[in-house]
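> Dropping the sequence and predicted coords here.
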Amino acid sequence: MVLGLGMKKRDTYLLVFFLITAAAMALFMNVFGKDAGECVVVTVDGEEFGVYRLSQDSVIEVENAFGSNRIVIKNGSAYMEAADCPDKYCMTYQPVTKANESIICLPHRLVIQVEGKNYMETDGIAR
């Protein structure tokens, strides 16, 4: 039996199998593939503004020549609570919790990057 686009029935089953396998792998990597975050590194215009532990609830106010932002760290996650940039796109990001996740405010040149425990251990300067 030939289905649409010149595919045979077993080709369709094979395609469905690969799609399900790819979705399962993506879900597995998203849930189990990332290290838990230890800290948040905030940079403005490529310069480090500060490093903050995810285990300690805090509010970080960033005000500079590009604008102002309010970052909230609460219950092991960080998110952008307020920004005075025109599009406020940075406020739509989901809270970040795992290593290598980030929130970016492009108009303010601000990056919030979650780092794992290795970040704190490899730096020779006490934070």
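All right, it came through fine.

> pLDDT below threshold where in this protein?
Residues of the chain meeting the criterion pLDDT under 70: 1-7, 30-34, 120-127.

> Mind doing that once more with 80?
Across the chain, the ranges flagged by pLDDT under 80 are 1-8, 28-36, 117-127.

> Where is the longest helix in it?
helix 9-32 (DSSP state H).

> what are the C-alpha coordinates of it, in CSV please?
The C-alpha atoms that make up helix 9-32 are tabulated as CSV, following Å, rounded to 0.1, in the frame of the first residue of the first chain:
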residue,chain,number,x,y,z
LYS,A,9,3.3,1.9,5.1
ARG,A,10,6.5,0.6,6.6
ASP,A,11,8.3,3.8,5.7
THR,A,12,5.6,5.7,7.7
TYR,A,13,6.1,3.4,10.7
LEU,A,14,9.9,3.9,10.5
LEU,A,15,9.5,7.7,10.3
VAL,A,16,7.1,7.7,13.3
PHE,A,17,9.6,5.5,15.2
PHE,A,18,12.5,8.0,14.6
LEU,A,19,10.3,11.0,15.5
ILE,A,20,9.3,9.4,18.8
THR,A,21,12.9,8.4,19.5
ALA,A,22,14.2,11.9,18.8
ALA,A,23,11.5,13.4,21.0
ALA,A,24,12.3,11.0,23.9
MET,A,25,16.0,11.8,23.6
ALA,A,26,15.4,15.6,23.6
LEU,A,27,13.2,15.3,26.7
PHE,A,28,15.8,13.1,28.4
MET,A,29,18.6,15.6,27.6
ASN,A,30,16.5,18.6,28.8
VAL,A,31,15.5,17.0,32.1
PHE,A,32,18.7,15.0,32.9
